[in-house]
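Chemist: Need coordinates for the below:
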Amino acid sequence: MSARSGDRPATLYGWFAASAARHPDRLALQAAGQALTYRELDDYSARVAAGVLHACGGWPRRVGLLAGRRPAAYAGYLAVQRLGATVVPLNTAWPRARNASVAHRAGLDLVLADESGQAGELPVPVLDLADAAGSGDAGGTAVRRGEPGAPAYILFTSGSTGAPKGVPILQENVAPYLAHVIDRYEVGPGSRLSQTFDLTFDVSVFDMFTAWGGGATLVVPGRDEILTPVRFVNTHRLTHWCSVPSVISFARRMRALRQGAMPTLRHSLFAGEPLTLQQARTWQAAAPSSRLENFYGPTELTITCSEFGLGTDPGGWPATANGTVPIGHVYAHLEHRVLDTAGRPAQEGELCVRGPQRFPGYLDPADNTGRFWDLDGDHPTDPATAPAGRAGPAGVVPARMWYRTGDRVRPAGRDGLLHLGRLDHQVKVDGYRVELGEIESALREGPGVHDAVVLALPTAHHGTELHAVCTGDDPRPEALLAALRERLPAYMVPAFLHVRAELPLNGNGKTDRAALAALLHDAPAATPVKELRS
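Modeler: Okay, the predicted model is just below:
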């Protein structure tokens, strides 16, 4: 059955179940040294689902998942989907305070956790995945479609106000996406796909359900194996690789990407941060039989919404002014506009998108302000989209409204769109979306701090490094960074912290970030914790 056919599954679990029915004895998952067939993984998820029903005393609404890269995590994810509930991934590498904050904001009924989780301080009941799998009668576990408009999953992204923002994605957002990518990347029985992304990163949904929707095998590397892609690809004979582009730079520094090193790859996909042409050439040389593609999309538009495929001959690749691969063409089932700051058509401006992949609005409707354009009237407007204080995703933002990505783009002829950077203070670090304002807000709460600015500065290897600059009454860098590590994920903790007497200002009295970046660039070589006093 083609994924584009009219009887395509309507839910994430439906995509998996259809493959389980057709290919029960094919491998569905390899993780942590274990291999499970579709029948075995389906049975495992049914047992966990039975345990959840028993623990909740009925159908749950939202379930957190705090588990490592083991089969239990994937069985737990499928169990929540099987029950028609919403899965909210937490992260075993996050500080406990952040997991607790997300659990509270999501309104979880329960958290499924394994032994790698830090579940002791969560404000909701916690059920051990092993206990869940052994506590119920799997044979009596029904498959439930869920309430209309209920999200399939909610992910929390960095928020400029100092708190993470909940992004609900509906089942009907995901269905057209999977139909497109399963066909485009020729995923079927015999395909073997990598799963490099944490479950709190939206591309993990691509990894899991593109594989399972096509009847393929999902192969999960350990954290260290992600950084040795050649060895992992060859050991497991992968046909599809998907990761952030920075993995290429790391592997290149380790001299691992030799010519023809990955002959089994048929598709190589990169997302989460800009892919440079230099990175693409390096990877293509190591995987010469692979079709290399850059794909782009914010979480709010359901994983990715545009694609640009590079041919196997680098001589025919586009040359771009900023040295990055174009983000290409927006999917045909979506609409897009390039608009200026007043919501008018522009040759270069903000990418705005609407269509079936557009999320229904943030979990907290207050976060919708400034994120949508209503272009149906005589004048573009930024509508008030929901009653204040009502935290519910369904039906918050009408489908006619355009989501403002915050990404600056320029049409590049037949190559589609070229990404030119952000219009705000949001950056990508290791593929994760980071609002610098959230880090600044946390720093300003530190002892002795009057003001704080965080800058994302480029590294020599096409990466991004965070530098924090604080003013105040003798703030202590070591103490401030220690406090951030207790509150924020590691990728949001600045690599360097500078203390200055004052921040440079522009003519409008605002912090001059460009001048501050120049000052840091001209400063002596930094250490991981650095004090600059002016």
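
Chemist: Need the CA coordinates for stretch 207-216. CSV is fine.
Modeler: Extracted C-alpha coordinates of stretch 207-216, given in CSV (Å, rounded to 0.1, in the frame of the first residue of the first chain):
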residue,chain,number,x,y,z
ASP,A,207,12.9,8.4,12.8
MET,A,208,10.4,6.2,14.6
PHE,A,209,7.3,6.4,12.5
THR,A,210,8.9,6.8,9.0
ALA,A,211,10.6,3.5,9.8
TRP,A,212,7.6,1.8,11.4
GLY,A,213,5.1,3.3,8.9
GLY,A,214,7.2,1.7,6.1
GLY,A,215,7.7,-1.7,7.7
ALA,A,216,11.4,-1.0,8.2
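
Chemist: per-residue pLDDT, His54?
Modeler: Per-residue pLDDT puts His54 at 92.

Chemist: Over to the one 4 residues further on?
Modeler: On pLDDT, Gly58 comes in at 92.

Chemist: tell me the SS of it?
Modeler: coil (DSSP: H, G, I helix; E, B strand; the rest coil).

Chemist: What separation do you get for it and Leu110?
Modeler: Gly58 sits at a distance of 11 Å from Leu110 (criterion: CB to CB, to the nearest Å). C-beta coordinates here come from the backbone N, C-alpha and C atoms, glycine included.

Chemist: Tell me which of the two has more neighbours.
Modeler: Leu110 (23 against 8; other CB atoms under 10 Å).

Chemist: so the more buried one touches Val63, yeah?
Modeler: Yes - counting by CB atoms under 8 Å, Leu110 does reach Val63; the two are 5.3 Å apart.

Chemist: Just give me the residues shared between the contact sets of those two.
Modeler: Residues touching both Leu110 and Val63 by CB atoms under 8 Å, 6 or more residues apart in numbering: Val52.

Chemist: where does Leu481 fall, phi/psi-wise?
Modeler: Backbone torsions for Leu481, taken as degrees, to the nearest 10, come to phi -70, psi -40.

Chemist: now do the one 5 residues further on
Modeler: According to degrees, to the nearest 10, the main-chain angles of Glu486 amount to phi -80, psi -20.

Chemist: OK, contacts around the closest residue to it other than its chain neighbours?
Modeler: Nearest residue to Glu486 in three dimensions, chain neighbours excluded: Pro95, at 5.3 Å (CB to CB, 6 or more residues apart in numbering). By CB under 8 Å, 6+ apart, the contact list for Pro95 reads 485-489.

Chemist: try 10 Å this time
Modeler: With contacts defined as CB atoms under 10 Å, 6 or more residues apart in numbering, the neighbours of Pro95 are 101, 118, 121, 484-490, 493.

Chemist: now Ala97
Modeler: 121, 486-488.

Chemist: Which of those residues fall in helices?
Modeler: If you go by DSSP state H, these have 486-487 in helices.

Chemist: ok, and the most crowded of the contacts of Ala97?
Modeler: Leu488 (21 neighbours).

Chemist: how much space between that one and Leu436?
Modeler: 12 Å.

Chemist: what do those two both touch?
Modeler: Residues touching both Leu488 and Leu436 by CB under 10 Å, 6+ apart: 158, 494.

Chemist: quick one on the thing from earlier: for the contacts of Pro95, which one is nearest Leu301?
Modeler: Pro489 (22.5 Å; CB to CB).

Chemist: give me the number of residues near the nearest residue in space to Thr264 that is not next to it in sequence?
Modeler: In this structure, Thr264 finds its nearest non-sequential neighbour in Arg237, 4.9 Å apart by CB to CB, 6+ apart. A count of nearby residues for Arg237, using other CB under 10 Å, gives 11.

Chemist: so what pLDDT did Arg237 get?
Modeler: We have a pLDDT of 98 for Arg237.

Chemist: ok now do it, which residues does it touch?
Modeler: 192, 219, 263-265.

Chemist: Just put those in JSON lines and tack on neighbour count.
Modeler: What follows is these, written out as JSON lines (neighbours: other CB atoms under 10 Å):
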{"residue": "Arg192", "neighbour count": "22"}
{"residue": "Val219", "neighbour count": "26"}
{"residue": "Pro263", "neighbour count": "13"}
{"residue": "Thr264", "neighbour count": "16"}
{"residue": "Leu265", "neighbour count": "25"}
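
Chemist: can you redo these as CSV with pLDDT and secondary structure?
Modeler: Below are those laid out as CSV (pLDDT from 0 to 100; DSSP: H, G, I helix; E, B strand; the rest coil):
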residue, pLDDT, secondary structure
Arg192, 98, strand
Val219, 98, strand
Pro263, 97, coil
Thr264, 98, coil
Leu265, 98, coil
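
Chemist: right, and the pair among the residues you listed with maximum separation?
Modeler: Every pair of the contacts of Arg237 checked by CB to CB; the farthest is Val219 and Pro263, at 16.7 Å.

Chemist: now stretch 486-506, how far from the centre of its chain.
Modeler: Stretch 486-506 has its average C-alpha position 23 Å from the chain's average C-alpha position, going by CA atoms, centre = their mean, to the nearest Å.

Chemist: Convert the C-alpha atoms of it to PDB, please.
Modeler: Taking Å, rounded to 0.1, in the frame of the first residue of the first chain, the C-alpha atoms of stretch 486-506 are listed here in PDB:
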ATOM      1  CA  GLU A 486      20.500  22.800  37.900                       C
ATOM      2  CA  ARG A 487      17.800  24.500  35.900                       C
ATOM      3  CA  LEU A 488      18.600  24.200  32.100                       C
ATOM      4  CA  PRO A 489      19.600  21.400  29.700                       C
ATOM      5  CA  ALA A 490      23.300  21.200  29.100                       C
ATOM      6  CA  TYR A 491      23.000  22.500  25.600                       C
ATOM      7  CA  MET A 492      21.500  25.800  27.000                       C
ATOM      8  CA  VAL A 493      24.300  26.400  29.500                       C
ATOM      9  CA  PRO A 494      26.800  28.900  28.100                       C
ATOM     10  CA  ALA A 495      30.300  27.700  27.400                       C
ATOM     11  CA  PHE A 496      31.700  31.000  28.700                       C
ATOM     12  CA  LEU A 497      30.500  33.600  31.200                       C
ATOM     13  CA  HIS A 498      31.900  37.100  31.100                       C
ATOM     14  CA  VAL A 499      31.400  39.800  33.700                       C
ATOM     15  CA  ARG A 500      31.500  43.500  32.700                       C
ATOM     16  CA  ALA A 501      30.800  46.700  34.400                       C
ATOM     17  CA  GLU A 502      28.300  47.800  31.800                       C
ATOM     18  CA  LEU A 503      26.900  46.700  28.400                       C
ATOM     19  CA  PRO A 504      27.400  48.700  25.200                       C
ATOM     20  CA  LEU A 505      24.200  50.500  24.100                       C
ATOM     21  CA  ASN A 506      23.100  51.600  20.700                       C
END
